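Q: coords below, sequence missing:
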């Protein structure tokens with residue numbers, strides 16, 4: 001049965017409730033926003049030492065995404081970038097947002113023993129995509 005949400009309910013005025021709902025939506029997708037098939041490639045890209053090359057590689061992977069994933073990601077990251085821009089007020093830096101959204105948006109299909117290592121890369125990927133948003137999503 002489809003759940004009906006009353007968005008006039010006062011609970012939706014709490015930003016943490018909205019954030020929690022957004023994270024739950026992304027976590028419960030049949031496949032993460034970053035498709036399983038590209039997970040390892042994103043991890044390999046974030047390991048690249050040269051920053052310009054790393055950004056170029058991530059941009060290339062983003063362009064390979066299925067259209068709905070790309071469009072959703074572009075809007076989500078644009079929004080998260082606005083949140084990071086108000087870090088002085090909300091204390092949410094690109095690094096904090098990476099920690100919060102990294103594991104929700106991209107994860108391996110099969111969890112292996114190197115979860116802690118994966119988590120670090122997941123955070124770094126989201127952080128880079130926020131800090132270099134215009135280079136990654138720009139025309």
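A: Arrived safely, thanks for sending. Remember, it's a predicted structure, so these values are computed and weren't measured experimentally. Numbering: from 1, shown residues only.

Q: going forward, measure contacts between C-alpha atoms and count neighbours the same way
A: Fine.

Q: so what does the helix or strand of the chain with the lowest mean pLDDT touch, helix or strand wise?
A: Evaluated with mean pLDDT, DSSP states H and E, the helix-and-strand set of the chain has its lowest mean pLDDT in helix 15-27, which scores a mean of 84. Helix 15-27 sits against helix 94-105, with contacts defined as 3 or more CA pairs under 8 Å, 6 or more residues apart in numbering; DSSP states H and E.

Q: What segments of this protein are helices?
A: Listed in chain order, the helices of the chain (DSSP state H) span residues 15-27, 36-46, 51-64, 67-85, 87-90, 94-105, 115-131, 133-137.

Q: mean confidence for the third one?
A: So that's helix 51-64. The average pLDDT within helix 51-64 is 98.

Q: So which residues make contact with that helix?
A: 38, 41-42, 45-48, 70, 128, 132, 135-137 (CA atoms under 8 Å, 6 or more residues apart in numbering).

Q: buried set for stretch 60-76?
A: The neighbour-count check on stretch 60-76 (16 or more other CA atoms under 10 Å) flags 61, 62, 65, 70, 73, 74 as buried.

Q: mind putting these in JSON lines, distance to residue 119 included?
A: Formatted as JSON lines, the buried residues of stretch 60-76 follow (distance: CA to CA, whole Å):
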{"residue": "61", "distance to residue 119": "19"}
{"residue": "62", "distance to residue 119": "19"}
{"residue": "65", "distance to residue 119": "21"}
{"residue": "70", "distance to residue 119": "22"}
{"residue": "73", "distance to residue 119": "19"}
{"residue": "74", "distance to residue 119": "22"}
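
Q: Which of the contacts of helix 51-64 sits closest to residue 82?
A: Closest approach to residue 82 among those (CA to CA): residue 132, at 12.9 Å.

Q: Run a quick neighbour tally on the closest residue to the closest one other than its chain neighbours.
A: By the measure of CA to CA, 6 or more residues apart in numbering, the closest residue to residue 132 outside its immediate chain neighbours is residue 55, 7.5 Å from it. By the other CA atoms under 10 Å criterion, the neighbourhood of residue 55 contains 21 residues.
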